[in-house]
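Asks: I would like to see how this sequence folds:
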Amino acid sequence: MTLDTAVLRFAGLVVLVSVLLSFYVHPYWIGLTIFAGLNMLQASFTGFCPAAMIFKKLGVKPGATFN
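Replies: Numbers count the residues shown, from 1 in each chain. Down below sits the predicted model:
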């Protein structure tokens with residue numbers, strides 16, 4: 001698995017868990033979905049992604065985008 005796929009999988013997991021939490025626990029959990037979306041949007045412009053930095057430190061091999 002490359003860094004790119006790890007970041008995309010993590011972002012998808014965060015969005016899905018956030019939607020489930022907002023449905024079953026409290027509607028304010030939708031804020032986590034908003035945060036994930038804004039983070040993905042800014043990463044597409046700047047190339048800066050905190051999750052990519054963490055995965056890189058964990059030893060995930062670089063991909064084409066976050067190297």
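Asks: who's in contact with the lengthiest helix in the chain?
Replies: Longest helix in the chain by number of residues, with DSSP state H as the criterion: helix 3-24. Counting by CB atoms under 8 Å, 6 or more residues apart in numbering, helix 3-24 makes contact with 28-30, 32-33, 36-37, 39-40, 49, 51-52, 55-56, 60-67, all of which sit outside it. All C-beta atoms are positioned from the backbone trio N, CA, C, and that covers glycine.
Asks: in stretch 4-20, what's buried?
Replies: Taking 16 or more other CB atoms under 10 Å as the basis for neighbour counts, the residues of stretch 4-20 that come out buried are 4, 6-7, 10-11, 14-15, 18.
Asks: re earlier: need the buried ones from the contacts of helix 3-24 selected in ChimeraX.
Replies: Restricted to buried positions by 16+ other CB under 10 Å, the ChimeraX selection for the contacts of helix 3-24 reads:
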select :29,32,33,36,39,40,49,51,52,55,56,60,63,66
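Asks: low-confidence ranges in this structure?
Replies: Scanning the chain with the threshold set as pLDDT under 70 gives 67.
Asks: Geometric centre of it: which residue is closest?
Replies: Central residue check for the chain by CA atoms, centre = their mean: the C-alpha nearest the mean position is that of Ala11, 2.9 Å away.
Asks: Can you tell me the closest non-neighbouring residue to Thr33?
Replies: When the adjacent residues along the chain are set aside, Thr33 lies closest to Ser18, with 4.3 Å between them (CB to CB, 6 or more residues apart in numbering).
Asks: So that neighbour versus Gly12, what's the distance?
Replies: Counting by CB to CB, to the nearest Å, the gap between Ser18 and Gly12 amounts to 11 Å.
Asks: and if you look at Leu58?
Replies: Applying CB to CB, one obtains 18 Å for the distance of Leu58 from Gly12.
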